[in-house]
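task: produce atomic coordinates for the following.
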Amino acid sequence: QVQLVESGGGLVQAGDSLRLSCAASGGTFSSYVMGWFRQAPGKEREFVGAINWGASSIRYGDSVKGRFTISRDNPKKSMYLQMNSLKPEDTAVYYCAARVGILRTNVGDYNYWGQGTQVTVSS
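Numbers count the residues shown, from 1 in each chain. Down below sits the predicted model:
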């Protein structure tokens, strides 16, 4: 069973960049599909992006395409989310998640979750 810890959140201004990290422990990291999700106050948790074990398949949510980039470093058991051109509507708690199997984009398809890291973008 894998444990996930996010870091890198903070308060930034619109147009700035931020890089989130997700550190994994336990389990075999390279066997997991890894995903990023976010949840704004009063809204449902939303798919941001996901990456398969070999980074040969990467998908993004429509609202972040062209601005966010996911990557992973299997030896370091880490995944990253590079966020550029941030907008106030990107404000949310960002969660790292993992699943075994093929890449999927639904919240319910992920078995393991981190505690989240807050990202706040001011206008």
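
can you show me the strands along this structure?
3-7, 10-13, 18-25, 32-39, 46-51, 58-60, 68-73, 78-83, 92-100, 112-113, 117-122 (DSSP state E).

partners of the residue positioned nearest the centre of the chain in the sheet?
Centroid-nearest residue in the chain, with CA atoms, centre = their mean: Trp36, separated by 2.3 Å. The partner list for Trp36 in beta bridges (DSSP bridges) reads Gly49, Cys96.

isn't it up against Asp90?
No - with contacts counted by CB atoms under 8 Å, Trp36 stays clear of Asp90, the gap being 11.8 Å. Quick note: C-beta positions are derived from backbone N, CA and C, even for glycine.

sorry, back to before: for Asn106, which of the strands of the chain is the nearest?
Asn106 sits nearest to strand 46-51 of all the strands of the chain, at 7.2 Å, using CB to CB.

which residues touch the closest one?
33-40, 57-61, 63-64, 68, 70-72, 79, 81, 92, 94, 103-107 (CB atoms under 8 Å, 6 or more residues apart in numbering).

please pick the buried ones from these.
Neighbour-count burial (16 or more other CB atoms under 10 Å) applied to those gives 33-38, 59-61, 64, 68, 70, 72, 79, 81, 92, 94, 103, 105, 107.
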